[in-house]
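**Q** build the 3D model from these lines:
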Amino acid sequence: QVQLVESGGGAAQAGDSLRLSCAASGRTFSNYAFGWFRQAPGREREFVAVVDRNGGYTSYANSVKGRFTISRDNAQKKVYLQMNSLKPEDTAVYYCAACYYSNTDYYPNKEWYDSWGQGTQVTVSS
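**A** Residues are numbered from 1 along each chain as shown. Here you go, the predicted model:
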């Protein structure tokens with residue numbers, strides 16, 4: 001497993017931008033795909049975005065497509081989520097997660113991720 005620590009959350013106004021970071025340690029960073037998930041109060045944890053092992057493949061939930069960008073820096077062992085044009089419905093705890101599998105069909109499903117960070121709160125007001 002890898003150990004993950006998220007940062008960069010906070011309060012924002014609708015239309016603002018935030019960038020979340022996820023720092024990894026432990027197992028070989030480049031062996032993992034990394035996803036961002038979020039969970040709002042009373043709701044299931046949902047897929048937001050994923051980047052594969054070398055950064056060549058990314059995928060996004062429809063709700064964030066065109067507004068959020070996921071990226072990774074294998075040298076720094078970090079994953080980023082750039083969030084633009086934030087909306088109140090983006091309010092949630094955001095989690096970084098690591099997936100050892102390379103099958104892209106698995107990526108939207110949280111069950112395939114074996115390491116999770118503690119989460120960082122993002123609150124967007126209108």
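**Q** these two touch, right, Val79 and Ala97?
**A** No - if you go by Cβ atoms under 8 Å, Val79 and Ala97 don't touch, sitting 9.6 Å apart. Backbone N, C-alpha and C define where each C-beta goes, glycine included.
**Q** mutual contacts of these two, please.
**A** Counting by Cβ atoms under 8 Å, 6 or more residues apart in numbering, the common neighbours of Val79 and Ala97 are Phe34, Trp36.
**Q** in stretch 105-121, what counts as buried?
**A** Buried residues in stretch 105-121, counted by 16 or more other Cβ atoms under 10 Å: Tyr106, Tyr107, Pro108, Lys110, Trp112, Tyr113, Ser115, Trp116, Gly117, Gly119, Thr120.
**Q** how about the secondary structure of the most centrally placed residue in the chain?
**A** Centroid-nearest residue in the chain: Trp36, 1.9 Å away (criterion: Cα atoms, centre = their mean). Secondary structure for Trp36, judged by DSSP: H, G, I helix; E, B strand; the rest coil, is strand.
**Q** how near is it to Ser126?
**A** Distance, Trp36 to Ser126, by Cβ to Cβ, to the nearest Å: 23 Å.
**Q** now Ala98
**A** 34 Å.
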